[in-house]
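Peer 1: structure, please.
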Amino acid sequence: MSEIIYYIGKMDFIHHFTGWFIILFSVILLIWHHILVKKEMGAKAWRIWSVLCFVPLIMSAVHFYLNCYKGNELFSVKMYFPVYAGAFALIVLCLLRKKKLLYKIAAFLTVAASVIGFGYVVFELCADYDLPHIGNYSRCGYVESFDRIMSDMKKNYVLNDWKEIDYDKIRAELMPRVEEAEKNHDSKAYYNVLVEYLSNFHDGHIGLASFSKAGSDIALKAEKELAGNDYGFALCTVDSGETIAVLVEEGSAAEKAGIRSGTVITKWNGVNIDKAIEEADYTLGKEAPVKANFDRVKAMYFPGLSEGTVEVTFIGSDSTEKTVSLESIGNYSKRLIAALGSFNHEGLLATLDVEKFKKMSPEEQDALRERYRKERENYRAEMVSEDCGYIVFNSEVYNTVGDVIAVAKDEYPEIKEMVNSRLKDMQLQGMKRLIIDARNNTGGLPLILCELVSLFTDHEIDMDFRCNQQRKVKVDGRWKDLDVIVLTNMNCCSSGDGLIYAFLQCPNVTVMGMTASMGIYQAVGGSCITTDSEFIITYPIVPSVDSNGITMIDTKPDRLSRVPIDVTIPVTAKACETIFDVNSTRDYEVEFALAYFATNRKNKD
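Peer 2: Residues are numbered from 1 along each chain as shown. Below is the predicted model of the structure:
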């Protein structure tokens, strides 16, 4: 309950004031009406009362005018009109003041509309949007909105000191580009500046998204341009230090020249490939909180940075170096998404070709839909070998209404019992070991992660001190003796990061992945709406620290992971054959975990 109250307290004052004013004013008018009737007051008093019934509506109109999101009026209506419900109800109340029965009904509905309408907005902001503070700069030009965004974040961003953010330096570097974008009315250029601006924070909780149809179109075009040119393949640097081609386009000039998936690339435009990748100027990807995570996938971004013709030197099938000149075959965005998605095991979400899907038979489409549903199903459990179970934790979310109630009660036995039931079902099938898949975990409620981990721990685990409340993983321990491997990756974030942090402290659990988790754990709550409601920037404003007031998980300026995993899964050229095979349903990391169980874990049978 304290967390909900804390978030409500973070709501912008103007929304608090408007909502409570309408509620209290309605109650005052109802009491005054009772007095007028009882004392049989004259017509003048009734006229004053009737006029005052319009005051909340006038205030609502002023509030809407001042706070309406230019360019996204529909969102404004959805956000604010529930608050105004009581004001509209008062007008009905005024018209029915002489109808005794109808007035009593209208009086009840007026108060109910005021309370429920305001409560709905609070719920939407705090539970759904998770944005109690919204800076509305939709009516500002690019220069003014950029300055106000920086001012807002300088005041409210919770990790300014921890990450040593130098706003003056950032402004000096980027403001000339903002001024140029405003001068040319170039929304795409402004979007690119915002991407560059946010990359300075190395915080995955700081997000940039479209906030209107116009903004969505702009962002899509800008992201494609930032991805760059496609030369018919992506790259991946493997543990041996070699950089190999992956996802080679069938029939492309690269393939015809002899480049295949797994081919070693040695030079790019005459420069040693390692040096070229290391020294390239990246826009996308460099915002990653953990530098080692970005270094792991940096090669995948690299091909798109080139322009015009490129000279690619590679080791041919006869083990000799060959060089080929390649022209761009289009935009690199689709291949980049497929490469990153394959590496992070995102499944159909990243690799599905929409145009090919449209040409498939209904049966084939249904099969892919079922595969997608299965991939995204949270808490899905199944046996992956004769004695090894597998369960997915892809978020700390279960049931929207139930989640809110659970946070208010600060306990969630329902989700714990649900997961326990699925584990028991697998135990009946012979489960003696378990793989928990937390890859691509998008986060959710810290309460849920505590309940999940409690099943596997034999001791209490201190978590974060948030919203004036110390959070702990309590001991349930029903599965504390089970041999467990938890899989993570660079997309496992927020409460997912907290999940990994807690599991690392369980003696029976081994955490592994090709990368560490993302390294973010603060609670989002702040946002800024940019010029004409084109884009929205979200950022954390609620601190999550340990009992000593120290940030637990989020990276410092050194960008080293503060949640180091137990085992790093190797990325070899052989492994890449499975990782980047978009037509295969094999899971390299699960296969590695099974092999690890077989060779490295003590037999507890």
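
Peer 1: got the CA positions of stretch 495-512 in CSV?
Peer 2: In CSV, the C-alpha atoms belonging to stretch 495-512 read as follows (Å, rounded to 0.1, in the frame of the first residue of the first chain):
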residue,chain,number,x,y,z
SER,A,495,12.4,-6.2,-12.1
GLY,A,496,14.0,-8.9,-14.3
ASP,A,497,17.3,-7.5,-13.2
GLY,A,498,16.1,-7.7,-9.6
LEU,A,499,15.1,-11.3,-10.3
ILE,A,500,18.6,-12.2,-11.4
TYR,A,501,20.1,-10.2,-8.4
ALA,A,502,18.0,-12.3,-6.0
PHE,A,503,18.6,-15.7,-7.7
LEU,A,504,22.4,-15.1,-7.6
GLN,A,505,22.1,-15.3,-3.8
CYS,A,506,20.4,-18.7,-3.8
PRO,A,507,22.9,-21.6,-3.3
ASN,A,508,21.1,-24.0,-5.5
VAL,A,509,20.9,-21.7,-8.4
THR,A,510,23.4,-21.0,-11.2
VAL,A,511,22.8,-17.9,-13.4
MET,A,512,24.1,-18.0,-16.9
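
Peer 1: with adjacent residues omitted, what lies nearest to the spatially most central residue of the chain?
Peer 2: Residue closest to the average C-alpha location in the chain (Cα atoms, centre = their mean): residue 442, at 5.9 Å. Closest residue to residue 442 apart from its sequence neighbours, by Cβ to Cβ, 6 or more residues apart in numbering: residue 395 at 4.9 Å. C-beta here means a position set from N, CA and C on the backbone, and glycine is covered the same way.

Peer 1: my guess is the residue nearest to the centre of the chain contacts residue 517, does it?
Peer 2: No. Counting by Cβ atoms under 8 Å, residue 442 stays clear of residue 517, with 11.8 Å between them.

Peer 1: touching both of these two, which residues are there?
Peer 2: Common neighbours of residue 442 and residue 517, using Cβ atoms under 8 Å, 6 or more residues apart in numbering, are 493, 496.

Peer 1: state the phi and psi torsions of residue 145.
Peer 2: Dihedral pair for residue 145: phi -70, psi -40, per degrees, to the nearest 10.

Peer 1: ok, residue 399 next?
Peer 2: The phi/psi pair for residue 399 (degrees, to the nearest 10) is phi -140, psi 120.

Peer 1: for residue 544, what are its contacts?
Peer 2: 446, 464, 465, 466, 521, 522, 523, 551, 552, 553.

Peer 1: need the residues that contact the helix or strand harbouring the third one.
Peer 2: Assigning secondary structure by DSSP states H and E places residue 465 in strand 461-466. Contacts of strand 461-466 from elsewhere in the structure, counted by Cβ under 8 Å, 6+ apart, are 3, 446, 450, 453, 470-473, 498, 501-502, 505-506, 521, 523, 542-547, 549, 552.

Peer 1: partners of the next helix or strand after it, with directions?
Peer 2: For strand 461-466, the following helix or strand on the C-terminal side (DSSP H and E) is strand 469-473. Take DSSP bridges as the rule and strand 469-473 pairs in its sheet with strand 461-466 (antiparallel).

Peer 1: and the partner strand, how far out from the chain's middle?
Peer 2: 21 Å (Cα atoms, centre = their mean, to the nearest Å).

Peer 1: list the buried residues in it.
Peer 2: 461, 463, 464, 465, 466 (16 or more other Cβ atoms under 10 Å).

Peer 1: how about the third one, nearest residue that isn't a chain neighbour?
Peer 2: I take that to be residue 464. In space, residue 464 is closest to residue 544, 4.1 Å off (Cβ to Cβ, 6+ apart).

Peer 1: show me what that neighbour is bridged to.
Peer 2: In beta-bridge terms (that is, DSSP bridges), residue 544 pairs with residue 466.

Peer 1: domains for this protein, by residue range?
Peer 2: 2-129, 229-353, 377-521+583-600 (automatic domain parsing).

Peer 1: can I get these in JSON lines with distance to residue 198?
Peer 2: Compiled in JSON lines, these are given as follows (distance: least, Cβ to Cβ, whole Å):
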{"stretch": "domain 2-129", "distance to residue 198": "19"}
{"stretch": "domain 229-353", "distance to residue 198": "6"}
{"stretch": "domain 377-521+583-600", "distance to residue 198": "13"}
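
Peer 1: for the helix or strand hosting residue 578, buried residues please.
Peer 2: Using DSSP H and E, residue 578 sits in helix 573-579. Residues of helix 573-579 classed as buried: 573, 575, 576, 579 (neighbour count, 16+ other Cβ under 10 Å).

Peer 1: list the contacts for the third one?
Peer 2: With contacts defined as Cβ under 8 Å, 6+ apart, the neighbours of residue 576 are 236, 238, 244, 246, 261, 262.

Peer 1: could you do the second one as well?
Peer 2: When the contact criterion is Cβ under 8 Å, 6+ apart, the partners of residue 575 are 238, 588.

Peer 1: model confidence score at it, please.
Peer 2: On pLDDT, residue 575 comes in at 97.

Peer 1: and what of the last one?
Peer 2: pLDDT for residue 579: 96.

Peer 1: what does the one 4 residues further on give?
Peer 2: The model reports residue 583 with a pLDDT of 82.

Peer 1: just checking, residue 573 touches residue 240?
Peer 2: Yes. With contact defined as Cβ under 8 Å, residue 573 and residue 240 form a contacting pair (7.3 Å).

Peer 1: what's the local residue count around residue 84?
Peer 2: For residue 84, the tally of surrounding residues (other Cβ atoms under 10 Å) stands at 24.

Peer 1: quick check, nearest of the buried residues of helix 573-579 to residue 377?
Peer 2: Distance to residue 377, by Cβ to Cβ, is smallest for residue 579 among the buried residues of helix 573-579, at 22.2 Å.

Peer 1: measure the closest one to residue 236 for me?
Peer 2: Distance, residue 579 to residue 236, by Cβ to Cβ, to the nearest Å: 8 Å.

Peer 1: do residue 423 as well
Peer 2: Counting by Cβ to Cβ - residue 423 and residue 236 are separated by 35 Å.

Peer 1: who has more neighbours out of the two?
Peer 2: More crowded of residue 423 and residue 236, by other Cβ under 10 Å: residue 236, with 27 against 20.

Peer 1: please consider this matter closed, and thank you.
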